[in-house]
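Chemist: Predicted model and sequence below, questions to follow.
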Protein chains: 2
Amino acid sequence: MGFKGEQHPGVEAPTADSQGFRLNHTMLRVKDPQKALAFYTRVFGMRVMRRLDFEEMNFSLYFLARLEDVEQVPEEQGERTVWTFSQTGLLELTHNWGTETQDDFAYHDGNAQPQGFGHICFSVPDLDAAEAWFDDNDVEFVKRSDQGKMKDVIFVKDVDGYWIEVVQADRLGALGD
Amino acid sequence: MGFKGEQHPGVEAPTADSQGFRLNHTMLRVKDPQKALAFYTRVFGMRVMRRLDFEEMNFSLYFLARLEDVEQVPEEQGERTVWTFSQTGLLELTHNWGTETQDDFAYHDGNAQPQGFGHICFSVPDLDAAEAWFDDNDVEFVKRSDQGKMKDVIFVKDVDGYWIEVVQADRLGALGD
């Protein structure tokens, strides 16, 4: 059963077995952490909550959160790791060491063939201001808000080419009608 | 600057331009919504908050949330769309009509070549109980909690083959040490 009795294929009601499950993060591999972190912190205002380096396996993980209140976050690193994995809506960026110096290295965005993953999406308070902000930062657009069939929806690319949808919730009330 | 003065490559402090940005959802394409929705609602306890059908373009979108309190959600569909795009930590499943009847059709998981997207991750209150619950539901494991270098971390596959990491936050305090 879907929300309040709506019928959708396959849907079952949640049981106690999944109580307390939370969608914690989405992981994307990035070629160059310097560029990816500059992009997500400057343009999208995310913060690196926890960085984990695995020297034996030659990779680093960066867990980024959107955070209005930094004071709620534990300072001690172990406690902060536990805090990080208790949240919802985080972004994890994985850097396999050395990719940043390989000229022909690029990750696959999931929208070219073979397809799979599509995008992440940010909700913003003011879509027009966001669009201007992206232009200020030379962000590459896939689709502006006045282009295509879905008006009021922006798609940009991050520095690895992954698509980011950007919407203003209260402009989407008629979507799908 | 990272959290509380930690230094990471490329990181900048957030400005007012990105105030109120929220990571709303991650979109994955799914072959058969009946199977994918059964999986995410039954095994992970998600609910379909909003379904949008685009007949002209032959696809449907399903927005799934983890939700403890259904009563907070508006009933009217337009208001519910606005609500949906105001949240954080949602999963969007895209169904391009007809893929479910094509025997040889499969989406790309991003972990086989060409790599890109890695996984989504759920945080759960009890990892051992979750592992047993996945077995009860014949969920395919990539890695159990006692396998590999990262103990206490589970990876399973969803019905399209996308990887889902599953962790219990308070068992990860020493991760990366």
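Modeler: Noted; the coordinates are in hand.
Chemist: per-residue confidence averaged over stretch A:121-132?
Modeler: Averaged over stretch A:121-132, pLDDT sits at 98.
Chemist: so does that stretch get close to chain B?
Modeler: Yes: residues of stretch A:121-132 contacting chain B under Cβ under 8 Å from any Cβ of the partner chain: A:C121, A:F122, A:S123, A:V124, A:P125, A:A129, A:A130. Yep, even glycine has a C-beta here, placed from its N, CA and C like the rest.
Chemist: for stretch A:29-37, same thing?
Modeler: Yes: using Cβ under 8 Å from any Cβ, stretch A:29-37 reaches chain B at A:R29, A:P33, A:Q34, A:K35, A:A36, A:L37.
Chemist: quick one on the thing from earlier: any idea which of the residues of stretch A:121-132 next to chain B is closest to B:G148?
Modeler: A:C121 (31.4 Å; Cβ to Cβ).
Chemist: Pull out the buried positions in stretch A:165-177.
Modeler: Within stretch A:165-177, the residues that qualify as buried are A:E165, A:V166, A:V167, A:Q168, A:A169, A:R171, A:L172, A:G173, A:L175, A:G176, counting by 16 or more other Cβ atoms under 10 Å in any protein chain shown.
Chemist: Would you point out the most distant pair within the residues you listed?
Modeler: A:V166 and A:G176 (18.2 Å).
Chemist: Turn the residues of stretch A:121-132 next to chain B into JSON lines, including secondary structure.
Modeler: Listed next are those as JSON lines, based on DSSP: H, G, I helix; E, B strand; the rest coil:
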{"residue": "A:C121", "secondary structure": "strand"}
{"residue": "A:F122", "secondary structure": "strand"}
{"residue": "A:S123", "secondary structure": "strand"}
{"residue": "A:V124", "secondary structure": "coil"}
{"residue": "A:P125", "secondary structure": "coil"}
{"residue": "A:A129", "secondary structure": "helix"}
{"residue": "A:A130", "secondary structure": "helix"}
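Chemist: related to what we said a few turns ago, make JSON lines out of the residues of stretch A:29-37 next to chain B and add pLDDT, secondary structure and neighbour count.
Modeler: JSON lines is the format used below for the residues of stretch A:29-37 next to chain B (pLDDT from 0 to 100; DSSP: H, G, I helix; E, B strand; the rest coil; neighbours: other Cβ atoms under 10 Å in any protein chain shown):
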{"residue": "A:R29", "pLDDT": "98", "secondary structure": "strand", "neighbour count": "22"}
{"residue": "A:P33", "pLDDT": "98", "secondary structure": "helix", "neighbour count": "22"}
{"residue": "A:Q34", "pLDDT": "98", "secondary structure": "helix", "neighbour count": "16"}
{"residue": "A:K35", "pLDDT": "98", "secondary structure": "helix", "neighbour count": "16"}
{"residue": "A:A36", "pLDDT": "98", "secondary structure": "helix", "neighbour count": "26"}
{"residue": "A:L37", "pLDDT": "98", "secondary structure": "helix", "neighbour count": "25"}
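Chemist: which two in the residues you listed are spaced the farthest apart?
Modeler: The farthest-apart pair in these, when distances are taken by Cβ to Cβ, is A:R29 and A:Q34, at 14.9 Å.
Chemist: Switch the buried residues of stretch A:165-177 over to a markdown table; also include distance to A:L52 and pLDDT.
Modeler: Output for those, formatted as a markdown table (distance: Cβ to Cβ, whole Å; pLDDT from 0 to 100):
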| residue | distance to A:L52 | pLDDT |
| --- | --- | --- |
| A:E165 | 28 | 98 |
| A:V166 | 28 | 98 |
| A:V167 | 31 | 98 |
| A:Q168 | 34 | 98 |
| A:A169 | 33 | 97 |
| A:R171 | 38 | 96 |
| A:L172 | 36 | 94 |
| A:G173 | 41 | 89 |
| A:L175 | 38 | 86 |
| A:G176 | 40 | 76 |
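Chemist: The residues you listed also near chain B: which ones?
Modeler: By Cβ under 8 Å from any Cβ, the members of the buried residues of stretch A:165-177 lying near chain B are A:E165, A:V167, A:A169, A:L172, A:G173, A:L175, A:G176.
Chemist: just those now: which is nearest B:D109?
Modeler: A:E165 (20.8 Å).
Chemist: Going by residue numbers, what spans are strands in chain A?
Modeler: For chain A, the strands defined by DSSP state E cover A:22-29, A:47-54, A:59-65, A:90-96, A:117-123, A:141-143, A:153-157, A:163-167.
Chemist: Now, the ones next to chain B among the buried residues of stretch A:165-177 that are in helices?
Modeler: Judged by DSSP state H, helices contain none of these.
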